[in-house]
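Participant: Here is a sequence together with a model predicted from it:
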Amino acid sequence: QVQLQESGPGLVKPSQTLSLICTISGASITTNNYAWSWIRQPPGKGLEWMGNIGSTGSVYYSPSLQSRTSISRDTTKNQLTLQLSSMTPQDTAVYYCVSQRLTGDYDYWGQGTQVTVSS
């Protein structure tokens, strides 16, 4: 079974860059079965897809976040990373690492990590 675990700082100051890591077990990050996505949910709002990285390393971003987002992977550690720059309080959210099938369906979810942006 695929398991995903997010890790990173719970508190970030405005204008700083957020860095999160997702450690994947039960599947290779290079598998053809999945793309690996970052999704977030601000308090009281719906889920927002931020971007993903596919088996070949190709990366796709949400147009609304593309200018501030960087997604990468470490194949030796089987880890997915997210960097989000110029953080504002509006970026306060629970951030999830998610496996995404080729059909587009989301399959396995990490438990999520709360990130709060505050000075």
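Facilitator: Arrived safely.
Participant: List the residues that contact the residue lying closest to Q1 once chain neighbours are set aside.
Facilitator: Take Q1 and drop its neighbours on the chain: the residue closest to it by C-beta to C-beta, 6 or more residues apart in numbering is G26, 5.3 Å away. Quick note: C-beta positions are derived from backbone N, CA and C, even for glycine. By C-beta atoms under 8 Å, 6 or more residues apart in numbering, the contact set of G26 is 1-3.
Participant: S37 against R101, yeah?
Facilitator: No - the criterion here is C-beta atoms under 8 Å, and S37 misses it with R101 at 10.6 Å.
Participant: the more surrounded of these two?
Facilitator: Higher neighbour count among S37 and R101: S37, with 22 against 12, using other C-beta atoms under 10 Å.
Participant: any idea how far the residue nearest to the more buried one when sequence neighbours are not counted lies from S119?
Facilitator: In this structure, S37 finds its nearest non-sequential neighbour in N52, 4.0 Å apart by C-beta to C-beta, 6+ apart. Computed as C-beta to C-beta, to the nearest Å, the N52 to S119 distance reads 31 Å.
Participant: just L4 next, same as before
Facilitator: In terms of C-beta to C-beta, L4 sits 30 Å off from S119.
Participant: Just want to know which of these two has more residues nearby.
Facilitator: Counted by other C-beta under 10 Å, L4 and S119 do not tie: L4 has more neighbours, with 22 against 9.
Participant: quick one: pLDDT of the residue most central in space within the chain?
Facilitator: Central residue of the chain (C-alpha atoms, centre = their mean): W38, 2.6 Å from the mean position. W38 carries a pLDDT value of 98.
Participant: name the element it belongs to?
Facilitator: strand 34-41 (DSSP states H and E).
Participant: What strands line up against the next helix or strand after that strand, and which way round?
Facilitator: Counting by DSSP H and E, the next helix or strand C-terminal to strand 34-41 is strand 48-53. If you go by DSSP bridges, strand 48-53 pairs up with strand 34-41 (antiparallel), strand 59-61 (antiparallel).
Participant: Enumerate the beta-bridge partners assigned to W36.
Facilitator: I53, S99.
Participant: This completes my enquiry, with thanks.
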